[in-house]
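**Student:** Coordinates only, no sequence provided:
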């Protein structure tokens, strides 16, 4: 009355044995043969002492007037842009970033500088501080004001629509926007 089901047991055992052999071989390869993956990450501690003869790292906290553009501030802004903005706005700021492809409306082309929230560095700062409602441009109010100013100085350095604001009015705004 009972049927012989050995062929089902044999197939399951063979599948189990093959899976176990594969797993053992794979883990053996990972542990013994493979040397791992070098991601080429050179992590640098910003608080590490500077090597003798090397230029000290730029410290944004020591800048008294970050609303005044300097080459160091623009370079710092470029690094901040690459880490936080390039995914949407693209590496060159042309609005062609990988993450921006799926956004509606598309990210702004910062090089063209067709601003919708007003022209000038104070308007750019306000956009970074508040974001733009109805768009994917989020607020960066969690950034320190000096970091936002560095981003603004970098954007102003790459745009074709340069700020024409009076430096005294920018300084007055900056002192109240802290």
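**Tutor:** The structure has been received and is ready for your questions. These figures come from a predicted structure and were not determined experimentally.
**Student:** In the chain, mark out all the strands, start to finish.
**Tutor:** Counting by DSSP state E, one finds no strands in the chain.
**Student:** Could I get the full set of helices for it?
**Tutor:** For the chain, the helices defined by DSSP state H cover 6-28, 71-84, 86-89, 121-130, 145-158, 167-176.
**Student:** weakest of the ones you listed by average pLDDT?
**Tutor:** Least confidently modelled of the helices of the chain is helix 167-176, at a mean of 81 by mean pLDDT.
**Student:** residues in contact with that one?
**Tutor:** With contact meaning Cβ atoms under 8 Å, 6 or more residues apart in numbering, helix 167-176 is reached by 65, 66, 67, 68, 120, 121, 122, 125, 145, 149, 163. All C-beta spots, glycine's among them, are computed from the backbone N, C-alpha and C.
**Student:** can you rerun that using 10 Å?
**Tutor:** Residues lying outside helix 167-176 but in contact with it, judged by Cβ atoms under 10 Å, 6 or more residues apart in numbering, are 65-69, 120-123, 125-126, 145, 149, 152, 163, 165-166.
**Student:** Now do that helix: distance to the chain's middle.
**Tutor:** In terms of Cα atoms, centre = their mean, to the nearest Å, the centre of helix 167-176 is found 28 Å from the chain centre.
**Student:** buried residues in that helix?
**Tutor:** Under the neighbour-count criterion of 16 or more other Cβ atoms under 10 Å, helix 167-176 has 170, 173, 174 buried.
**Student:** that older thread, give the ChimeraX command for selecting the buried subset of the contacts of helix 167-176.
**Tutor:** Provided next is the ChimeraX selection string for whichever of these are buried by 16+ other Cβ under 10 Å:
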select :66,67,69,120,121,122,123,125,126,145,149,152,163,165
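**Student:** which of the helices of the chain sits most buried?
**Tutor:** helix 145-158 (a mean of 22; mean count of other Cβ atoms under 10 Å).
**Student:** packing partners for that one?
**Tutor:** Using 3 or more Cβ pairs under 10 Å, 6 or more residues apart in numbering; DSSP states H and E, the elements in contact with helix 145-158 are helix 71-84, helix 121-130, helix 167-176.
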